[in-house]
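*Asks:* Here is a sequence with its predicted model. Questions after.
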Amino acid sequence: MAAAEVARQGEGCRTVPLSGHVGFDSLPDQLVNKSVNHGFCFNILCVGETGLGKSTLMDTLFNTKFEGDPASHSQPGVQLKSNTYDLQESNVNLKLTIVSTVGFGDQINKEDSYKPIVEFIDAQFEAYLQEELKIRRVLHNYHDTRIHACLYFIAPTGHSLKSLDLVTMKKLDSKVNIIPIIAKSDAISKSELTKFKIKITSELVSNGVQIYQFPTDDESVAEINGTMNAHLPFAVIGSTEELKIGNKMMKARQYPWGTVQVENEAHCDFVKLREMLIRVNMEDLREQTHTRHYELYRRCKLEEMGFKDTDPDSKPFSLQETYEAKRNEFLGELQKKEEAMRQMFVQRVKEKEAELKEAEKELHEKFDRLKKLHQDEKKKLEDKKKSLDDEVNAFKQRKTAAELLQSQAQQAGGSQTLKRDKERKK
Amino acid sequence: MEPEEHSMEPPATPEEEMPLTAAPGPAGCQLFGYVGIEAVLDQMKVKTMKMGFEFNIMVVGQSGLGKSTMVNTLFKSKVSRKASQPGQEERIPKTVQLQSVTHVIEEKGVKMKLTVTDTPGFGDQINNENCWDPIIKYINEQYERYLREEILITRKRKIPDTRVHGCVYFVMVVPPWGGGHGGHAGVMVVLGRLRPLDLEFMRRLSKIVNVVPVIAKADTLTLEERAEFKQRIQEDLKTHAISVYPQEDFDQDPDDRALNDRIREKIPFAVVGADQEHQVNGKRVLGRKTKWGIIEVENPAHCEFPLLQDLLIRSHLQDLKDITHNVHYESYRVRRLNESNRPELSSPNGLPGKGEGGSDL
């Protein structure tokens, strides 16, 4: 029979020069075209207290009006509201999902405020993991709901981070790319802003919070990303109103003392945020989510379930076998439980049967007793009847005897009467 | 700029507020201005170029059909097995062997790690039964390797992809003077159909890998003979329900289908391989020089090599990889995981447990 020997050469992979145009330089284009046909997904999570302008900022960022009403302050707990939109720009179809916290920071006891958020993020990872672990899976058509970027809205107090912010960010930093931004920054003056930013960054560093750093390994974007990294957290203003400034319509907010222009870099960092989030690093955010955060989640989850990678020389298909072993274990347990339940059932049935038998026996006995009683009565009655009959008979006899006597007596008397009559006549 | 009207399609209703909500169908939103979403395309391009590409191609066919020359011509460089072992005596091996050679080629900043797997000894024996087994085993081994990497707890950032993305099958031109059909003078002689070996092989392999059949050494066919041969082959493939690349089931949209239909009409391509340059009309072209003329490899009027090159490299390379990943690899994975789950149900010569390739698919 044919034996296969695969001789692998060139593991050192030498580079071979081309002597003409082959044409695979169109490969990136082919890849991009396929992705375009397929569409892109991008999911943003906005975490921040009520009233910090999360929805307005999203509207401003994506130049559109997403729907939704402002939330009230009286939510009993933190909830997450998620909306998906289909945006299209030239030939790119983007499926954008915006998840917002509702009621964050409104409660009196905020200890558990971060939990719904962490659970939500984990749930998205879990859904992806489940799909990936399925036997028949459809990964290339799967609607990816994992959060690619988390915008953390910091209240513009001007002093420092709140403890709620620190705790939440610390819990989220290993699960999602956090980009902290200072919301409603038109409330802070320029000098206060620089101090505020420095304070925030130092607090984040001292607490070990890992925020998302824009990547600086690729030369084309290293420089711009590097400078932007220094501007974190971005101080942003959101506005969907357009006002006429000069002779152009711009997004701005009008105050009695002046107009704040959203897209003016001197006024706020909105343009920087848009550049970084969308125009420069969207793909990197998605990649980091998939290769770093998701892999970490997956590793933890699988280790928790009891799977391990193999040692170099142990059985090959360990995940499958561990899974098999677990499955058998589980089935065994299931069977045991079933047995136990069956036993209990049989036991109960037996007991009930015994009870019923007892009752039946009692019933029989009672019946027997009654029957006997009845028979006794009957016998007594019969005896009485007999005695009565006897008396009746005796009486009848006496009656006949008496009648006979009487009739004899009458005859004798009659004849005597005759005799007497004769004597009289004489 | 006047603010545009709100012309939104019916938006998705805001869901009841529960801690973990999933969004219902997405709403379409109009953008009122330029956002910059399309910059993601460039970002993606830069990333993929930095990461580099991998492409694994396998060439199968009897010896002497010009496989190595073809691969060299395709990639315009000496990437085949023969080229990397210069001076070795060419012996037909007694059994089918698979030899892989890996090179890195670069063009305009795009780096590609190309692996060419050759199969000397295929179809060369007197008894060629099951000569496809080593090949199937090899392909399945590559899938297995990828699957193992994918299942690890701590996975590599980029799993090395050794799966075979395309298998080019060289069909021999059956000489027109065999077969016992007496040719009438003046009438086109009927060429034979695909040989049983070809049919068997393609039938088995088209289920696990993308098969691209080509007519090798097509310079012995006239244009009419070529058309006739092709039609016979297409009929044969249809009768035996062999779906070669591009497969009809995987056409994604009407444009795709139209494009692929045009390609399917021309399958299998009649190719001529050459690695020597000659002067024609003052230009240097790749071609075969014969006494009766120079066959220009890259001239569409002479042979269909440019079509093959277009299909494999310029337009459908990514598609080949995608179909391998999304379809063939997934079906392998399903089989493998199912069989591990129910070992008592696997047939005696089905896929056994430890990664051995099955012979009967």
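*Replies:* Okay, I see it.
*Asks:* is chain B contacted by stretch A:276-288?
*Replies:* Yes. Stretch A:276-288 reaches chain B (CB under 8 Å from any CB of the partner chain) through A:I278, A:R279, A:V280, A:N281, A:M282, A:E283, A:D284, A:E287. C-beta: built from backbone N, CA, C; applies to glycine.
*Asks:* Going by neighbour count, list what's buried in the one helix or strand A:K171 maps to.
*Replies:* Mapping A:K171 onto the secondary structure by DSSP states H and E places it in helix A:163-172. In terms of neighbour count (16 or more other CB atoms under 10 Å in any protein chain shown), helix A:163-172 has its buried residues at A:L164, A:D165, A:L166, A:V167, A:T168, A:M169, A:K170, A:L172.
*Asks:* Find the residue closest to the fifth one in space, skipping its chain neighbours.
*Replies:* Once its chain neighbours are removed from consideration, A:T168 has its nearest residue in A:Y114; the separation is 4.4 Å (CB to CB, 6 or more residues apart in numbering or on different chains).
*Asks:* ok, the one you found - contacts?
*Replies:* Going by CB atoms under 8 Å, 6 or more residues apart in numbering or on different chains, A:Y114 touches A:V167, A:T168, A:K171, A:L172.
*Asks:* partners of the helix or strand containing A:F153 in the sheet?
*Replies:* Taking DSSP H and E as the definition, A:F153 sits inside strand A:149-154. When pairing is defined by DSSP bridges, strand A:149-154 lines up against strand A:40-47 (parallel), strand A:178-182 (parallel).
*Asks:* so which of those strands comes closest to A:Y128?
*Replies:* With CB to CB as the criterion, A:Y128 lies closest to strand A:40-47 of the strands paired with strand A:149-154, at 11.4 Å.
*Asks:* Can I get that closest one in CSV, CA atoms only?
*Replies:* Taking Å, rounded to 0.1, in the frame of the first residue of the first chain, the C-alpha atoms of strand A:40-47 are listed here in CSV:
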residue,chain,number,x,y,z
PHE,A,40,-18.3,45.1,9.8
CYS,A,41,-19.3,45.0,13.4
PHE,A,42,-18.4,47.5,16.0
ASN,A,43,-19.7,47.6,19.6
ILE,A,44,-19.2,50.4,22.0
LEU,A,45,-20.1,50.4,25.6
CYS,A,46,-20.7,53.8,27.3
VAL,A,47,-20.3,53.7,31.1
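*Asks:* need the strands for chain A, in chain order.
*Replies:* In chain A, the segments counted as strands under DSSP state E are A:6-9, A:40-47, A:79-89, A:92-102, A:149-154, A:178-182, A:234-235, A:242-245, A:248-255, A:258-261.
*Asks:* chain center to the fifth one, what's the gap?
*Replies:* On the basis of CA atoms, centre = their mean, to the nearest Å, the separation between the geometric centre of strand A:149-154 and that of its chain is 25 Å.
*Asks:* Provide the contact partners of that strand at residue level.
*Replies:* Contacts with strand A:149-154, where a contact means CB under 8 Å, 6+ apart, come from A:42-49, A:52-54, A:57, A:161, A:165, A:168-169, A:172, A:176-183, A:200, A:212, A:233, A:277, A:285.
*Asks:* Go ahead and name everything in contact with stretch A:14-27.
*Replies:* Identification of contacts with stretch A:14-27 by CB under 8 Å, 6+ apart yields B:48, B:53, B:55, B:74-79, B:103-110, B:112, B:286, B:309-310, B:313-315, B:317-318.
*Asks:* what distance separates the start and the end of that stretch?
*Replies:* By CA to CA, to the nearest Å, the extent of stretch A:14-27 from end to end equals 21 Å.
*Asks:* got the buried residues for it?
*Replies:* Applying a neighbour-count criterion of 16+ other CB under 10 Å, one finds A:V16, A:V22, A:G23, A:F24, A:D25, A:S26, A:L27 buried in stretch A:14-27.
*Asks:* Next one: the fifth one from B:D261, what distance?
*Replies:* Separation of A:D25 from B:D261 (CB to CB, to the nearest Å): 27 Å.
*Asks:* now the last one
*Replies:* As judged by CB to CB, A:L27 and B:D261 stand 24 Å apart.
*Asks:* Ok, the first one next?
*Replies:* Distance of A:V16 to B:D261, given as CB to CB: 35 Å.
*Asks:* for the third one, same thing?
*Replies:* Counting by CB to CB, the gap from A:G23 to B:D261 is 22 Å.
*Asks:* Same check on the second one?
*Replies:* Relative to B:D261, A:V22 is positioned 26 Å away (CB to CB).
*Asks:* Could you list the low-pLDDT ranges of the chain?
*Replies:* By default, I'm working from chain A. Along chain A, segments meeting pLDDT under 70 span A:1-13, A:307-324, A:426.
*Asks:* switch to chain B, that's the one I care about
*Replies:* Residues of chain B meeting the criterion pLDDT under 70: B:1-32, B:80-92, B:94-95, B:174-192, B:340-361.
*Asks:* And the helices in the stretch 151-300 of chain A?
*Replies:* Under the criterion DSSP state H, counting those that start in this stretch, the stretch 151-300 of chain A carries helices at the ranges A:163-172, A:190-206, A:219-231, A:270-274, A:282-288, A:295-305.
*Asks:* repeat for chain B
*Replies:* B:39-51, B:67-74, B:81-84, B:133-151, B:196-205, B:223-239, B:254-266, B:305-309, B:317-323, B:329-341 (DSSP state H).
*Asks:* go on, the stretch 1-150 of chain A?
*Replies:* For the stretch 1-150 of chain A, the helices defined by DSSP H, counting those that start in this stretch cover A:27-38, A:54-61, A:114-133.
*Asks:* mind checking which of those helices is nearest B:G33?
*Replies:* Taking CB to CB, helix A:54-61 is the member of the helices of the stretch 1-150 of chain A nearest to B:G33, at 10.3 Å.
*Asks:* Using neighbour counts, pick out the buried residues of the closest one.
*Replies:* Buried residues in helix A:54-61, counted by 16+ other CB under 10 Å: A:K54, A:S55, A:T56, A:L57, A:M58, A:D59, A:T60, A:L61.
*Asks:* What is the helix holding A:K171 packed up against?
*Replies:* Judged by 3 or more CB pairs under 8 Å, 6 or more residues apart in numbering or on different chains; DSSP states H and E, helix A:163-172 is in contact with helix A:114-133, strand A:149-154, strand A:178-182.
*Asks:* Out of the ones you listed, which gets nearest to A:L334?
*Replies:* Closest approach to A:L334 among the helices and strands packed on helix A:163-172 is made by helix A:114-133 (21.1 Å; CB to CB).
*Asks:* Now do the same contact list for A:A71.
*Replies:* So A:A71 contacts A:T50, A:V102, A:G103 (CB under 8 Å, 6+ apart).
*Asks:* Near chain B, list only the ones from those residues.
*Replies:* Contacts with chain B within the contacts of A:A71, counted by CB under 8 Å from any CB: A:V102.
*Asks:* Which one (most neighbours) among the contacts of A:A71?
*Replies:* Highest neighbour count within these, by other CB atoms under 10 Å in any protein chain shown: A:G103, with 22 neighbours.
*Asks:* Disregarding flanking residues, what is the spatial nearest neighbour of that residue?
*Replies:* Of all residues beyond its chain neighbours, the one nearest A:G103 is A:Q75 (2.8 Å), with distances taken as CB to CB, 6+ apart.
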